[in-house]
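Asks: Could you look at this predicted model? Sequence included:
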Amino acid sequence: MDIVERINRHFSESARLKLQAVDALAQPIARAAHCMARSLLADGKIMACGNGGSAADAQHFAAELLNRFERERPGLAALALTTDTSTLTSIANDYHYDLVFAKQVRALGHSQDVLLAISTSGDSPSVLEAVDAAHERQISVVALTGKKGGALLARLREGDVSICVPADSTARIQEVHLLTLHCLCDAIDCLLLGGE
């Protein structure tokens with residue numbers, strides 16, 4: 001087994017998917033950025049959720065908005081629903097893990113907010129419950145998925161945005177998710193502050 005060859009293959013596959021996906025993803029990413037910018041201008045916030053690597057992506061995205069991305073600017077209202085261990089474990093213990101994000105959305109969400117729902121498969125029960133809770137509160141949803149969108153795609157309503165990476169490999173989907181989140185951060189900054 002040649003490890004260097006395997007590493008080269010990972011780089012090549014990742015680069016190839018990103019270049020192939022841009023035509024399918026550029027418009028939905030732009031729509032999502034406009035949706036999020038409108039929310040922030042209306043004193044709304046972006047709530048993000050996901051499990052595992054998607055939880056890390058939710059936290060990464062919230063940090064880039066709340067602190068800064070590549071430009072100096074005031075912090076933007078963003079919250080990862082994946083970070084409060086007391087809240088997460090109490091909901092999972094007292095109710096069910098599937099509700100760990102939904103109960104937070106119901107308690108913290110308002111109609112001018114946006115929920116960023118991240119699931120590589122589109123089938124994560126806790127993320128699906130969060131989307132249902134968002135719709136109950138008249139909150140727009142941006143779904144960041146792969147593998148044809150799964151059950152999450154069917155849950156979206158008019159005004160929601162689907163960003164579905166056209167791939168089946170979880171690793172490759174997550175790599176495009178990270179690029180997508182950086183594109184969203186850049187686009188939101190551009191929409192709010194103007195281009196450089």
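Replies: Perfect, thanks for sending it. Numbering: from 1, shown residues only.
Asks: In its sheet, which strands sit next to the top strand by length along the chain, and in what direction?
Replies: Criterion DSSP state E: the longest strand present in the chain is strand 140-146. Paired with strand 140-146 in the same sheet, following DSSP bridges, are strand 114-118 (parallel), strand 161-165 (parallel).
Asks: so which of the ones you listed is the most packed in?
Replies: Taking mean count of other CB atoms under 10 Å as the contact definition, the stretch among these with the greatest mean neighbour count is strand 114-118, which reaches a mean of 29. Any C-beta I mention is one placed from the backbone N, CA and C, and that applies to glycine too.
Asks: Averaged pLDDT, whichever strand or helix holds Leu88. What do you get?
Replies: Following DSSP states H and E, one finds Leu88 within helix 85-94. For helix 85-94, mean pLDDT is 97.
Asks: which is the next helix or strand following that helix?
Replies: Beyond helix 85-94 on the C-terminal side, the first helix or strand identified by DSSP H and E is helix 102-108.
Asks: That following helix packs against which elements?
Replies: Using 3 or more CB pairs under 8 Å, 6 or more residues apart in numbering; DSSP states H and E, the elements in contact with helix 102-108 are strand 46-49, helix 85-94, helix 125-136.
Asks: in terms of contact count, name the helices or strands touching the last one.
Replies: Other elements packing on helix 125-136 under the criterion 3+ CB pairs under 8 Å, 6+ apart are strand 46-49, helix 102-108, strand 114-118, strand 140-146, helix 150-155.
Asks: Low-confidence regions, this protein specifically.
Replies: Judged against pLDDT under 70, the low-scoring parts of the chain cover residues 1, 196.
Asks: Could you pick out the longest helix of it?
Replies: Assignment by DSSP state H gives helix 3-41 as the longest helix of the chain.
Asks: I'd like to check the angle between that one and strand 161-165, please.
Replies: Taking axes from the mean of the first three to the mean of the last three CA atoms, to 10 degrees, helix 3-41 and strand 161-165 form an angle of 180 degrees between their directions.
Asks: Distance from helix 3-41 to the middle of the chain?
Replies: The offset between the C-alpha centroid of helix 3-41 and the centroid of the whole chain comes to 12 Å, using CA atoms, centre = their mean, to the nearest Å.
Asks: returning to what we had before: can I get the helices and strands packed on helix 125-136 in CSV including distance to Pro74?
Replies: Supplementary listing: the helices and strands packed on helix 125-136 in CSV, determined by distance: least, CB to CB, whole Å:
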stretch, distance to Pro74
strand 46-49, 15
helix 102-108, 21
strand 114-118, 18
strand 140-146, 22
helix 150-155, 32
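Asks: tell me the most buried of these?
Replies: Across the helices and strands packed on helix 125-136, the average number of neighbours (mean count of other CB under 10 Å) peaks for strand 114-118, which reaches a mean of 29.
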